[in-house]
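Engineer: Sequence first, then the predicted structure, then my questions.
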Amino acid sequence: RYFISNNEDLSFVHLKASRAACLTPVTETSGYEWNRTCGYYREIKESATQFFFQSLPKGDHIIEEQFFVTQSGVFNSGFARVQSLYAPENRGHSSGGVLIITK
């Protein structure tokens, strides 16, 4: 789950969400999606998912992904980075973490 909070309307926003090596997205096809507050194009890559927003209205937004866990172990969870493509000073990121997967 990715939380985006912005205090002004933005256009052409990019969200890149890295993922742990033990995770595989449930939805493996790229395409346009719509949630309650905005629409975006989701692009599935080998180690990350990228989200492209043509417009991101002012307010709070929640983007969700679901994953399959493919193996047990200790993994770095990755981080998410969001940035306006035309106003790069409008950006933010999450912290990484550790996933411990047991059988």
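Structural biologist: Yep, that arrived. Note that this is a predicted model, so its numbers are computed, not measured.

Engineer: Centroid-nearest residue for the chain?
Structural biologist: Using CA atoms, centre = their mean, the residue of the chain that lies closest to the mean C-alpha position is Ala17, 3.9 Å off.

Engineer: excluding its backbone neighbours, what's nearest it?
Structural biologist: Nearest in space to Ala17, with sequence neighbours left out and distances taken as CB to CB, 6 or more residues apart in numbering, is Ala80 at 4.3 Å. Where you see a C-beta, it was placed from the backbone N, CA and C, and this is true even at glycine.

Engineer: what's the burial count for that neighbour?
Structural biologist: The local packing of Ala80 (other CB atoms under 10 Å) involves 22 other residues.

Engineer: Does it touch Arg91 like I think?
Structural biologist: No. The pair Ala80 and Arg91 fails to qualify as a contact (CB atoms under 8 Å) at a distance of 11.3 Å.

Engineer: Model confidence score at the residue nearest to Ala17, please.
Structural biologist: For Ala80, the model assigns a pLDDT of 93.
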